[in-house]
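**Student:** Sequence plus the predicted model coming up.
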Amino acid sequence: MIRDFEPGEIDPLAVGAWILGTGGGGSPYLAQLNLKKLYKEGRRCKLIDPLALNDGDAVAVVSKMGAPLVGQERLVDPAHLARAVRLMEEYTGKPFRAVMSVEIGGGNALSPFLAGAVLDIPVVDADAMGRAYPEAQMTSFAIGDLQMYPLTLVDCRDNEAIVAKTPTWKWMERVSRSICTEVGSTSATCKAPRTGREVKDWGILHTVTKAISLGQAVLDARAAHTDPVEAVLKHEGGLTLFKGKISDVDRTTAGGFLRGSATIEGLDGDRGSKVELAFQNEWAVAFRDGQPIAMTPDLICLLDSVSGEAIGTETVRYGQRVTAVALPSPKLLQTPKGLLHVGPRAFGYDIDYRSVFAA
């Protein structure tokens, strides 16, 4: 099935994807404005069900790569994403049937729509994470041991790079991240092309629809003057971890990533306790009074306690009243193979994964 992606779905997608981004993927605001501008100019996007892809269809996988904080200063340009896709077509000699995002989180959820609107190809209702993660090997395609090359990268200075081959997903991350860091820690990329069969077998399916539905639930709650945070929990089957006020932020951009931690002083029923949220682009582990209470791959999301708006690792600041929540992750990420790629130890924490949703 293929359908029109309506103008009224842009805002719900941005709101929902920002929540699913677990602090990363970049703020969707600028991509949101860009997509609205393209629609005003008469461009349109279509959304295709991944199950409607033919097995041999070529699918482009796009994203903005780099540190989210840099993306607040160097603005998103749809032409760069479109050029990364065209560069891949030139290199492989194969035209793309459709385009999809590597992650449904944050601004990267809108990246395929920006490329699709410029190139007039449909967007696949799927991604490769079901959330956002910072590194190339942290995808469902990597968990499935699919081919990790080639990759194309484009920046605003007309630099264009092709990573023709690497031996592993981690090497693809190292090589492409080095290039991205050299051009200013932000760039547009087209990852290794996928076939329709690979998307159906290893993609996280129907996540665009999920993000739109989640975002609409939040917008409806605001309009009805009910609790948007509760709407998120109800929609996703999530749990509240902690309520409080941001009392400290330690944040630095290095090696193409945004790293650090945010400290929350407890309020209401959590008064007297502290939670530290450690992050590498995305929230990775939550420590309450020094003890881990939630960890990747569970989605740790930081929400404004009043509006339900997601708060990213680049936008968190002192004094914000926040609610930290946990949402369930895709089952694939919780498998033994999945945990090797995205569990706590993949981020350097010597912690055994235990889901907050475990019985």
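**Tutor:** Happy to help now that I have it.

**Student:** May I see the buried residues of the host helix or strand of K37?
**Tutor:** For K37, the element it lies in under DSSP states H and E is helix 29-40. Residues 29-32, 34-35, 38-39 are the ones in helix 29-40 that count as buried (16 or more other C-beta atoms under 10 Å). Every C-beta, even on glycine, is put in place using the N, C-alpha and C of the backbone.

**Student:** Which other helices and strands does it contact?
**Tutor:** On a contact count with 3 or more C-beta pairs under 8 Å, 6 or more residues apart in numbering; DSSP states H and E, helix 29-40 meets helix 10-20, helix 78-92, helix 111-119.

**Student:** Off-centre distance for it?
**Tutor:** Distance of helix 29-40 from the chain centroid (C-alpha atoms, centre = their mean, to the nearest Å) equals 18 Å.

**Student:** Output that helix as CSV, restricted to C-alpha atoms.
**Tutor:** Extracted C-alpha coordinates of helix 29-40, given in CSV (Å, rounded to 0.1, in the frame of the first residue of the first chain):
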residue,chain,number,x,y,z
TYR,A,29,12.3,21.6,14.6
LEU,A,30,14.5,22.7,11.7
ALA,A,31,13.7,19.7,9.5
GLN,A,32,10.0,20.3,10.3
LEU,A,33,10.2,23.8,9.0
ASN,A,34,12.1,22.6,5.9
LEU,A,35,9.5,20.0,5.1
LYS,A,36,6.7,22.5,5.6
LYS,A,37,8.5,24.9,3.2
LEU,A,38,8.8,22.1,0.6
TYR,A,39,5.1,21.4,0.9
LYS,A,40,4.3,25.1,0.4
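
**Student:** Quick one: end-to-end length of stretch 35-48, please.
**Tutor:** Chord length of stretch 35-48, first to last residue, is 18 Å (C-alpha to C-alpha, to the nearest Å).

**Student:** State the mean pLDDT of it.
**Tutor:** Averaged across stretch 35-48, pLDDT comes to 97.

**Student:** Need the residues that contact it.
**Tutor:** 1-5, 7, 10, 78, 98, 110, 113-114, 116-118, 120, 122-125, 208-209 (C-beta atoms under 8 Å, 6 or more residues apart in numbering).

**Student:** for stretch 150-165, same thing?
**Tutor:** Contact with stretch 150-165 is made by 65, 74, 77, 80-81, 83-85, 87-88, 91-92, 149, 172, 175-176, 179-180, 183-184, 186-192, as judged by C-beta under 8 Å, 6+ apart.
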